[in-house]
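> Got a predicted structure here, sequence first:
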Amino acid sequence: MKIRKVTKAVFPVAGLGTRFLPATKSIPKEIMTLVDRPLIQYAIDEARAAGIKEFIFVTSRGKSALEDYFDQSPELETALRRAGKDQLLESLRETNMDSGAIAYVRQNRPLGLGHAVWCAKRLIGNEPFAVLLPDDVIAAEKPCLQQMVEAYERTGGNMVAAMEVPAEKTASYGVLDVAEDLGSIVQVKGMVEKPKAGEAPSNLAVIGRYILSPRVLSNLNKLKSGTGGEIQLTDAIAEEAKEPGRVFGFRFRGHRYDCGSKAGFLQATVAFGLARPDLHDEFAAYLTELMAMQKAAQ
């Protein structure tokens, strides 16, 4: 059977970002900058590298800054061109999206990730699609979604990014019930959303990257609210896992940062700052000095 290419991606960005208040009172969380690029830009760049051509944003009220960010800014571009700041001009152009490449749909009620994906069903149609959660920023030599697309071309079905987590942290994730462990790819027979302590079927947690078949949308149509009173995407994927060979977990190569938490965002800022050649020396020297001062004060 020929496996259809994945060219559409859904970005659920309707959340209120309450963990970053008061900043997110006026700024969408996805626009918050990691070094000098907003979180959403990292997700878009990853999707582009994986061959995504159509970008579907599931938004809510107060997210207009997201739309503006990916639009052209003629006045700013003209000012940079006149000032001869060609490098800045090129980096600005990388944020522009072609007309029609991005579509926006509204999630008018906060009913969970599954509901957010369901809101995009008319734009997805009967095609496989990716889902990227911008909160999960993954530093990798080869972008995570690109790794997944290459693996998906061998397996078909549905695929979720997975990483091993300590047993005491499984209650914070969707967790895979593994039928067969094949190394980087695992065959999945079930998924549990935020299992209670001691009840997780494995320590393989689902991370915010998915490649899904349109059947998942049909499953979402039938679902009632699950964990936390929300419509869980995990539950819809778990329905597919009841049939062997329909759901796979993928152990990606890279480091994931949870930028939905303040600590994770700060960790990512340090890591990405140190990874920049133009910032590394000065930033590393500052961190070394700061740690020495803290040690001396103890």
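Received the coordinates, thanks. Numbering: from 1, shown residues only.
> and the residue lying closest to Ala236 once chain neighbours are set aside, backbone torsions?
Take Ala236 and drop its neighbours on the chain: the residue closest to it by CB to CB, 6 or more residues apart in numbering is Asn219, 3.9 Å away. Where you see a C-beta, it was placed from the backbone N, CA and C, and this is true even at glycine. Geometry field for Asn219 lists phi and psi as phi -60, psi -40, criterion degrees, to the nearest 10.
> Would you mark the buried spots in the helix ranked longest in the chain?
Determined from DSSP state H, the single longest helix within the chain is helix 280-297. Buried residues in helix 280-297, counted by 16 or more other CB atoms under 10 Å: Phe283.
> which secondary structure elements does that helix contact?
Using 3 or more CB pairs under 8 Å, 6 or more residues apart in numbering; DSSP states H and E, the elements in contact with helix 280-297 are helix 262-274.
> Quick one: mean pLDDT for the helix it packs on?
The pLDDT scores in helix 262-274 average 96.
> For Leu89, which residues are in contact?
Glu77, Leu80, Arg81 (CB atoms under 8 Å, 6 or more residues apart in numbering).
> Quick check: the gap between Glu150 and Leu290.
Distance of Glu150 to Leu290, given as CB to CB, to the nearest Å: 41 Å.
> quick one: low-confidence ranges for the stretch 101-250 of the chain?
223-229 (pLDDT under 70).
> In it, what residue spans correspond to helices?
For the stretch 101-250 of the chain, the helices defined by DSSP state H, counting those that start in this stretch occupy 113-118, 121-124, 144-155, 215-222, 233-241.
> Among those, which comes closest to Leu182?
Shortest distance between Leu182 and the helices of the stretch 101-250 of the chain, using CB to CB, is found for helix 144-155: 9.7 Å.
> can you list the residues that contact that closest one?
Residues from elsewhere that reach helix 144-155 (CB under 8 Å, 6+ apart): 3, 6, 9, 46-47, 49-52, 128, 130, 132, 138, 140, 159, 161, 184-185, 209, 211, 248, 250, 252-254.
> Check stretch 16-27 too.
Residues contacting stretch 16-27 (CB under 8 Å, 6+ apart): Pro28, Lys29, Met32, Ser60, Ala65, Pro110, Gly260, Ser261, Lys262, Phe265.
> and it, how far apart are its ends?
Terminal residues of stretch 16-27 are spaced 10 Å apart (CA to CA, to the nearest Å).
> now Val13, nearest residue through space, not along the chain?
Glu30 (4.9 Å).
> I figured that neighbour hits Ile40, correct?
Yes: contact criterion CB atoms under 8 Å: Glu30 and Ile40 qualify, at 4.1 Å.
> any common contacting residues for those two?
Counting by CB under 8 Å, 6+ apart, the contacts common to Glu30 and Ile40 are Val13, Leu66, Pro134.
> Just the buried residues of those residues.
Among the shared contacts of Glu30 and Ile40, those buried by neighbour count (16+ other CB under 10 Å) are Val13, Leu66, Pro134.
> Distance-wise, check the most centrally placed residue in the chain relative to Gly208.
The chain has Leu133 as the residue nearest its centroid, 2.5 Å off, counting by CA atoms, centre = their mean. For Leu133, the distance to Gly208 (CB to CB) stands at 3 Å.
> repeat for Gly249
Distance, Gly249 to Gly208, using CB to CB: 14 Å.
> now do Ala49
As for Ala49, its distance to Gly208 is 16 Å (criterion: CB to CB).
> Same check on Pro195?
Distance from Pro195 to Gly208, counting by CB to CB: 18 Å.
> For Gly125, what are phi and psi?
Here is the backbone geometry of Gly125 (degrees, to the nearest 10): phi 70, psi -140.
> Leaving out sequence neighbours, find the closest residue to it.
Excluding its sequence neighbours, the residue lying closest to Gly125 (CB to CB, 6+ apart) is Pro214, at 7.2 Å.
> hmm, back to that, can I get the contacts of Leu89 in a markdown table including distance to Arg122?
Shown next, in a markdown table, are the contacts of Leu89 (distance: CB to CB, whole Å):
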| residue | distance to Arg122 |
| --- | --- |
| Glu77 | 34 |
| Leu80 | 38 |
| Arg81 | 40 |
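> Tell me how many other residues crowd the residue lying closest to Glu240 once chain neighbours are set aside.
Excluding its sequence neighbours, the residue lying closest to Glu240 (CB to CB, 6+ apart) is Arg246, at 4.5 Å. Arg246 has 20 neighbours, counted by other CB atoms under 10 Å.
> Could you do His115 as well?
21.
> wait, it sits on Gln107?
Yes: look at His115 against Gln107 with CB under 8 Å: they come within range, at 6.6 Å.
> re earlier: looking only at neighbour counts, state which of Pro195 and Gly208 leads.
Using other CB under 10 Å, the more surrounded residue of Pro195 and Gly208 is Gly208, with 21 against 18.
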